[in-house]
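# predicted model and sequence below, questions to follow.
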Amino acid sequence: MKVVRFYAPGDLRYEDADDPTPGPDEVKIKVWATSTCGTDVKIFGAGHQNLDPPRVIGHEIAGEVVEVGTAVDGWQPGDRVQVIAAVPCGECEECTHGKMSVCPNQVSMGYQFDGGFAEYMIVPRAVLKVDGLNRIPEGLSYAEASVAEPFACAINAQSLARVGEGDDVVVVGSGPIGCLHVRLARANGARRVTLVELNRRRLDQAAGLVKPDETICAGEVDVVEAVMDLTNGRGVDVTITATAAGVAQEQAVQYAARQGRISFFGGLPKDRPTITLDSNLVHYRELTIVGANGSSPANNKDALERIGSGAVPVLDLITHRLPLVDVPRAIEIVRSGEGIKVTIEPQS
């Protein structure tokens, strides 16, 4: 079979590999769709501390069961499945108290296990143990199902930030995650959703698809002033910073309404991880700042259900579909912001 392996920063190789054979407690799938994301861009450019090369990367995975280990129940060839990316241990104190998204023993597909940039792959016991292999709803394509993983992360973040009925919401960043946040906030009952983006071209592209109520181009206006003008000086109930920009986090505190909630969704660069904010605004306005970066197996199931029901559509966010050999091109499209969601289809 063919795979794409990461060997070192800048070194991705499309090459032959032996077809994998599942162990007694594993499942083998034919990969039909693996979507790319900003993390793949980071891995390609700088590697990752939790990834030991050579490794088949790709972690937003959907496929078809083709072989089932002798000790595995509940699955059979032909089942259409989506695979979680972040794999909690299921045994630590966090996991047993319902906090699987922050399991300290977490491992990941495409990091410790070979991922989805391959024609076939093994779903390891660790995934099956935490109920991380999910059935794709009837009528949902493999490409759409592969978007469930990043959408699950958005669901986790909005749950922590308590996005709900009547909220005035700002989403900063118009990449794939930002687009998902806009649609999810609306599905969660927000009365107004504003999309903020530095780059005018990217903002217009995303807004044309997800139709936020308002847009603000951070490259053209002062974001704090624009948000306060839009809200008649009140500020917003929830801000989600779906971008790796410290200034977005600092600004979110400035335009938060009283008892507003802020989700620091996008992580900052490791060489610039600190920000400066007005602590008195947090104090006197009774603001809540929460972090969010991953998801739980339950979030993945929720994501598939919402996509499958049509509550949060994702098909139109998939702007590019490429064969396995074009993984490097897919990563460049994501890096440049040329597209929204880029999906690799290894069987094409």
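Thanks, I have the structure now. Here the structure is a predicted model, which means the values were calculated and not measured.

# could you chop this protein up by domain?
Domains of the chain are assigned by automatic domain parsing as 2-151+295-344, 162-291.

# so what's the residue count around residue 345?
Counted with other Cβ atoms under 10 Å, the neighbours of residue 345 add up to 18. Where C-beta positions appear, they are placed from N, C-alpha and C, glycine not excepted.

# how about the helices in the chain?
Counting by DSSP state H, one finds helices in the chain at the ranges 38-46, 93-96, 125-129, 142-146, 148-160, 176-187, 200-210, 223-230, 246-254, 279-285, 297-309, 327-336.

# check those for me: which has the lowest mean pLDDT.
Here the lowest mean pLDDT among the helices of the chain goes to helix 38-46, at a mean of 92.

# how about that helix: buried residues?
Neighbour-count burial for helix 38-46 flags 38, 39, 40, 41, 42, 43, 44 (criterion: 16 or more other Cβ atoms under 10 Å).

# same for it, what does it pack against?
Contacts defined by 3 or more Cβ pairs under 8 Å, 6 or more residues apart in numbering; DSSP states H and E place helix 38-46 against helix 327-336.

# by how many degrees do the helix it packs on and helix 38-46 diverge?
110 degrees (axes from the mean of the first three to the mean of the last three Cα atoms, to 10 degrees).

# which residues does helix 327-336 contact?
4, 12, 14, 36-38, 40-41, 44, 58, 117, 320, 322, 339, 342, 344 (Cβ atoms under 8 Å, 6 or more residues apart in numbering).

# so what's the residue count around residue 129?
14.

# list the residues that contact it.
Neighbour list for residue 129: residue 90 [criterion: Cβ under 8 Å, 6+ apart].

# can you redo the helices of the chain as CSV with distance to residue 27?
Listed next are the helices of the chain as CSV, based on distance: least, Cβ to Cβ, whole Å:
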stretch, distance to residue 27
helix 38-46, 24
helix 93-96, 22
helix 125-129, 7
helix 142-146, 16
helix 148-160, 17
helix 176-187, 27
helix 200-210, 34
helix 223-230, 47
helix 246-254, 40
helix 279-285, 47
helix 297-309, 15
helix 327-336, 23
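
# how about those, which one is nearest residue 25?
Relative to residue 25, the nearest member of these by Cβ to Cβ is helix 125-129, separated by 4.2 Å.

# now that closest one: buried residues?
Buried, per 16+ other Cβ under 10 Å, within helix 125-129: 125, 126, 127, 128.

# now swap in stretch 63-74 and tell me
Buried-residue list, stretch 63-74, by 16+ other Cβ under 10 Å: 63, 64, 65, 67, 68, 69, 72.

# out of the residues you listed, who's nearest residue 182?
Out of the buried residues of stretch 63-74, the member with the shortest distance to residue 182 (by Cβ to Cβ) is residue 63, at 28.3 Å.

# run a quick neighbour tally on residue 22.
Residue 22: 20 neighbours (other Cβ under 10 Å).

# swap in the one 3 residues further on?
Neighbour count for residue 25, taken as other Cβ under 10 Å: 14.

# correct me if wrong: it contacts residue 72.
Yes. At 6.1 Å, residue 25 and residue 72 qualify as touching, with contact defined as Cβ atoms under 8 Å.

# now do the shared contacts for the two.
With Cβ under 8 Å, 6+ apart as the test, residue 25 and residue 72 both reach residue 128.

# ok, now how distant is residue 94 from residue 297?
Applying Cβ to Cβ, to the nearest Å, the value for residue 94 to residue 297 is 13 Å.

# show me the common contact partners of those two, please.
88, 100.

# ok, the two, which is more surrounded?
residue 297 (21 against 17).

# that one: what's it in contact with?
Residue 297 neighbours (Cβ under 8 Å, 6+ apart): 84, 88, 100, 130, 131, 132.

# do you know the pLDDT at the fourth one?
The pLDDT attached to residue 130 in the predicted structure is 98.

# find the residue at the geometric middle of the chain.
residue 150 (2.2 Å; Cα atoms, centre = their mean).

# ok, and the closest non-adjacent residue to residue 321?
The shortest distance from residue 321 to any non-neighbouring residue, by Cβ to Cβ, 6 or more residues apart in numbering, is to residue 343 (5.1 Å).

# against residue 169, how distant is that neighbour?
27 Å.

# with neighbour numbers in mind, choose between the two.
Ranked by neighbour count (other Cβ under 10 Å), residue 343 and residue 169 place residue 169 first, with 29 against 25.

# partner residues bridging that one?
In this entry, residue 169 is beta-bridged to residue 193, residue 238, by DSSP bridges.

# check contacts around it.
Neighbouring residues of residue 169 by Cβ under 8 Å, 6+ apart: 163, 185, 190, 192, 193, 194, 236, 237, 238, 239, 240.

# repeat that for residue 103.
88, 89, 90, 92, 94, 95.

# could you do residue 318 as well?
35, 143, 144, 147, 340, 341, 342, 343.

# now do the nearest residue to it once chain neighbours are set aside against residue 100, distance only.
Leaving aside its chain neighbours, residue 318 sits nearest to residue 341 (4.7 Å; criterion: Cβ to Cβ, 6+ apart). Going from residue 341 to residue 100 by Cβ to Cβ gives 25 Å.
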